[in-house]
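>>> Return atomic coordinates for the entry below.
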Amino acid sequence: MKSIGEVAARFGLPTHVLRHWEAEGLLSPARVGDRRRYADEDVQRVAAILVSKEAGFGLADIRAMLAARTAPERTEVIARHREELLARIARAQAALEMLEGDCPHDDIMTCPHFRGLLAEVTA
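Prediction:
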């Protein structure tokens, strides 16, 4: 069993983050008196939360994914997130396209490349 400080240090997190995740229903470490004690499965859950956050999941979706009792329930959460992620990727790709190449036009609104990007957005 590990203390909150040990778990926080292991992942480079402030302890208040672990407390917040507990308040959000993502963690439920054992209590010994008034101290939180983290078992190996709690530490694995912290790692799962961090991996999920890195993938762009919000806390509500992480909670739903970790609480899912069946693969179809979990798949529904993941599929929804996948669609949101694809939309973000498309927006990021459009931003990269806007930045690529040297536009010789003084007024960007007269640039055919930029106007093409605008046409895609307004279509």
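
>>> Which residues are in contact with the residue nearest the centre of the chain?
Centroid-nearest residue in the chain, with C-alpha atoms, centre = their mean: residue 56, separated by 2.2 Å. Neighbour list for residue 56: 81, 84-85, 88 [criterion: C-beta atoms under 8 Å, 6 or more residues apart in numbering]. Using the backbone N, CA and C atoms, a C-beta is placed for each residue, glycine as well.

>>> tell me the SS of it?
coil (DSSP: H, G, I helix; E, B strand; the rest coil).

>>> what's downstream of the helix or strand containing residue 86, the next helix or strand?
In this assignment (DSSP states H and E), residue 86 forms part of helix 71-99. Sequence order places helix 112-122 as the next helix or strand after helix 71-99, per DSSP H and E.

>>> tell me which residues in that following helix are buried?
Residues of helix 112-122 classed as buried: residue 114 (neighbour count, 16 or more other C-beta atoms under 10 Å).
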